[in-house]
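Peer 1: with the input below, show me the fold.
(2 chains)
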Amino acid sequence: MMKKIKKEDFLDYLKNWGKIVEIEEGIDVKDLFLPKEEIYLVFHKKKDSVEQDEFRNIERKVVFNIPPCYAKSIELLDFNFLREPLDSFYKERRDSILVVVKACRNPHNFCFCTSLGNSPFDRKGDIFIFEKDGYYFAEPLTDRAKEVLAWDKYEDVSQDEFKEVELEKQKVEKEIEKFDIVNLDKKLYSVFNDKIWKELSFRCVNCGACTFHCPVCYCFDIQDVDRTNWGYRERVWDSCMFSIYSYETSGHNPRAERHARMRNRIMHKFAYYPVSYKEYQCVGCGKCVEVCPTGFDIREALLRLKEVVNE
Amino acid sequence: MDDIKGKLKSMLRNGEIDGVLGFVEQKYPLKNYPLFAQTEDDINKLSNSLFNILNIGTYIRRIKDFKKIAVLVRGCEERTINLLCAEHQIDRDKLFLIGLPCKGALDVYTVEKEYNGKIDEIEEKDMSIVIKGNKGEKEILLNKVISSVCTSCVRKETPTVDLQTQSLNENGEDLIFPSVKEIEEKNYKDRWKFFKNQFEKCTRCYACREVCPMCYCESCFVDSNDPVWVEPGYSIEDIISFHLIKIFHMAGRCVNCGACERACPEGIRLSYLTSKITKDLIADYDYISGKTVQEKPMFGEYKLNDKGDFIL
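Peer 2: Predicted coordinates:
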């Protein structure tokens, strides 16, 4: 049930739980849960021994004001890293972060969450909030959220206020352009060898901007870094758009051509993954469209693919 | 633009060219994308606008098996193609270049920041742009949103093309590089602080490398893992190593088109580096890269009166 809480009070409760992290860019959300550089171990070479450093220090954090699409992406990351075999580094960090999701009332030109079955008012994360005249209408969604404050102390939002939230939801949903890609996933397999991929990828420069800014893309690489007399093992972001990503030790590269790499990105998000796990590997935030140097629009690409599939 | 399109269409009909390479307007996001137009309909889509933020030279090498293609070029792109020809990457005889007038390219991220709202439409005027969207109508002067490299463009004219669409102005203006001057005046501590701040934002997506027409190596030094020239990860020394080694390889080859800066999703001001080498080459060697096809690359030639006071 939604509770009506004064803004300052609510913020105080959050501050008591952990450090509030202000998110400026979408890329910062992913960086919190899956840092672009995560050190696994650090070692120093001594005269006749090697010593390992203690360095992991996890503090409690509150991610505040992120839109529901990013909360959805965290769910997808959880599904990937918290399944067996469990990623203990991810779990440790995940447990220390409280996610407060704010209703998205200012969708931008790139948004398409509604086309993927999501909504800008989806109840996601630990706490869902809606801002109104110095108050938050807040809804606890997980057990963890119940620890943050004594929810019973606060009164429920009135019927009218609840209706207002629903009306605002309908208004915002209408602002987002919607298109239909239902059942496209299975059909995409049939155009794997079509020339459409070369047509779509002519403009693509195969940089990693779209995948790095994608809140769902989780590919990483584990590297040993060797400095003089010391070194570390780390996990860094990787991108399927790089040719070296699929370059095999044998010297063979199954995705040496540019269009094959773009095909893999789109197929993984909209065909392989939904066919296997019944979820798109995309939340419709549109960040990839915004950051692409050539303005590659995934929405147009999907509609174009739909045309080709139906031919 | 319509006359050129008519001429190109008739050339396509007569089989003189296989297609036309140029940019196509895209309503949103504010970035035009390249297209190899092989039909008359596609030729109609081509445009020359402030939103052509990339360099068309990047795309020429992607077109395989052609007899002759037409390419729409602006000043910096023309010089890029001259350089690519001088480095034997493309054959000038197989290209038909059409020179376009240029007002510079927009810095898209600055435009979005200036408007700070949902943009529906942008109208191009002589000295400004008019943005319409959910925050009402707003007029912004061009010099506020034009890419900083374009304000200190070395040559906007296109004297070496096959079809000229603008009059040539031989008396170039005095070049000033305001951004470089600003950095040069800082002491080394502030300079380090500035560049450290900039490069900390880098995610190593390599958009700057991929959009650069002169970065055409089959395999890049950062992708090499045996030996490792630059360690993976996000240590500031590794990020700066990548950017500095890249820019060293660009000296005398960079045309300062600014595509790398406009492509950077983090808004890193790479033009400080590219403008600096452009400025130094003009000051020390009176060299402007890619003036003609015949001219040898900067480091492909040796003159007795070359400045050499930096050699011990």
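
Peer 1: for chain B, what are the nearby residues on the stretch 151-300 of chain A?
Peer 2: A:202-203, A:205-209, A:211-213, A:221, A:223, A:225-226, A:234, A:236-237, A:239, A:242-244, A:289-297 (C-beta under 8 Å from any C-beta of the partner chain). Heads up, the C-betas are built off the backbone N, CA and C, glycines and all.

Peer 1: just the buried residues of the residues you listed.
Peer 2: Buried by 16 or more other C-beta atoms under 10 Å in any protein chain shown: A:202-203, A:205-209, A:211-213, A:223, A:225, A:234, A:236-237, A:239, A:242-243, A:289-297, out of these.

Peer 1: any idea how far the spatially most central residue of chain B is from residue B:213?
Peer 2: Geometric centre of chain B, nearest residue: residue B:257, 2.7 Å, by C-alpha atoms, centre = their mean. With the distance defined as C-beta to C-beta, to the nearest Å, residue B:257 ends up 8 Å from residue B:213.

Peer 1: likewise for residue B:54?
Peer 2: Distance from residue B:54 to residue B:213, by C-beta to C-beta: 9 Å.

Peer 1: same question, residue A:77
Peer 2: Per C-beta to C-beta, residue A:77 is found 37 Å from residue B:213.

Peer 1: what about those two, which has more around it?
Peer 2: More crowded of residue A:77 and residue B:213, by other C-beta atoms under 10 Å in any protein chain shown: residue B:213, with 25 against 21.

Peer 1: and that one, what pLDDT?
Peer 2: Looking at residue B:213, its pLDDT is 95.

Peer 1: surely it meets residue B:82?
Peer 2: No. Using C-beta atoms under 8 Å, residue B:213 is not in contact with residue B:82; the gap is 11.3 Å.

Peer 1: got the residues of the stretch 1-150 of chain A near chain B?
Peer 2: Counting by C-beta under 8 Å from any C-beta, the residues of the stretch 1-150 of chain A that sit close to chain B are A:27, A:36-37, A:106, A:108-110.

Peer 1: returning to that earlier point: narrow the buried ones among the residues of the stretch 151-300 of chain A next to chain B to those in helices?
Peer 2: Counting by DSSP state H, those place A:209, A:211-213, A:289-291 in helices.

Peer 1: between the residues you listed, which is closest to residue A:141?
Peer 2: Closest approach to residue A:141 among these (C-beta to C-beta): residue A:213, at 26.5 Å.

Peer 1: contact partners for the closest one?
Peer 2: A:26-27, A:287-288, A:290-291, B:265 (C-beta atoms under 8 Å, 6 or more residues apart in numbering or on different chains).

Peer 1: 6 Å instead, please
Peer 2: By C-beta atoms under 6 Å, 6 or more residues apart in numbering or on different chains, the residues touching residue A:213 are A:27, A:287, A:291.

Peer 1: and which of those is nearest to chain B?
Peer 2: Distance to chain B across these (C-beta to the nearest C-beta) is lowest for residue A:291, with 3.7 Å.

Peer 1: please name the residues that touch that closest one.
Peer 2: Residue A:291 is in contact with A:209, A:213, B:265, counting by C-beta under 6 Å, 6+ apart.

Peer 1: again, only using 10 Å
Peer 2: For residue A:291, the contact set (C-beta atoms under 10 Å, 6 or more residues apart in numbering or on different chains) comprises A:25-27, A:110, A:207, A:209-210, A:212-214, B:29, B:109, B:203, B:205, B:207, B:263-266.

Peer 1: same check on residue A:29?
Peer 2: A:21, A:23, A:63, A:66-67, A:69-71, A:73-74, A:77, A:99, A:215, A:285.

Peer 1: among these, which one has the lowest pLDDT?
Peer 2: Of all these, residue A:23 carries the smallest pLDDT score, 84.

Peer 1: what is the neighbour count of that residue?
Peer 2: Here the number of neighbours of residue A:23 (other C-beta under 10 Å) works out to 16.

Peer 1: show me how chain A divides into domains.
Peer 2: A:3-175, A:184-310 (automatic domain parsing).

Peer 1: deepest-packed of those, please.
Peer 2: Ranked by mean neighbour count under mean count of other C-beta atoms under 10 Å in any protein chain shown, these are led by domain A:184-310, which reaches a mean of 18.

Peer 1: which neighbours do residue B:54 and residue B:213 share?
Peer 2: Contact criterion C-beta under 10 Å, 6+ apart; residues shared by residue B:54 and residue B:213: B:77, B:257, B:259.

Peer 1: just curious, which of these is nearest to residue B:242?
Peer 2: Of those, the one sitting nearest to residue B:242 (C-beta to C-beta) turns out to be residue B:259, at 17.3 Å.

Peer 1: burial measure for the closest one, as a count.
Peer 2: Other residues lying near residue B:259 total 32 when counted by other C-beta under 10 Å.

Peer 1: tell me which of the residues of the stretch 151-300 of chain A next to chain B fall in strands.
Peer 2: Among those, DSSP state E puts A:221, A:223, A:225-226, A:234, A:236-237 in strands.

Peer 1: return the member of these nearest to residue A:81.
Peer 2: residue A:237 (14.0 Å).

Peer 1: pretty sure that closest one sits against residue A:36.
Peer 2: Yes. Using C-beta atoms under 10 Å, residue A:237 is in contact with residue A:36, at 4.8 Å.

Peer 1: pull up the overlap in contacts between these two.
Peer 2: Any residue near both residue A:237 and residue A:36 by C-beta under 10 Å, 6+ apart counts here, and that gives A:30, A:212, A:220, B:203-204, B:233-234.

Peer 1: chain neighbours aside, what residue packs nearest to residue A:109?
Peer 2: With C-beta to C-beta, 6 or more residues apart in numbering or on different chains as the criterion, residue A:109 has its nearest non-adjacent residue at 5.1 Å, and that residue is residue B:28.

Peer 1: what's near enough to touch residue A:160?
Peer 2: Counted by C-beta under 10 Å, 6+ apart, residue A:160 has zero contacts.

Peer 1: just residue A:71 next, same as before
Peer 2: Residue A:71 sits next to A:29, A:63, A:99-102, A:118, A:122-126, A:128, A:141, A:215, A:283 when contact means C-beta under 10 Å, 6+ apart.

Peer 1: hmm, try it at 7 Å
Peer 2: Counting by C-beta atoms under 7 Å, 6 or more residues apart in numbering or on different chains, residue A:71 makes contact with A:99, A:101, A:124-125.

Peer 1: am I right that it sits in a helix?
Peer 2: Yes. Under DSSP: H, G, I helix; E, B strand; the rest coil, residue A:71 sits within a helix.

Peer 1: phi and psi next, for the nearest residue to it once chain neighbours are set aside.
Peer 2: Of all residues not flanking residue A:71 in the chain, residue A:124 sits nearest, at 3.4 Å (C-beta to C-beta, 6+ apart). Main-chain torsions, residue A:124, degrees, to the nearest 10: phi -130, psi 170.
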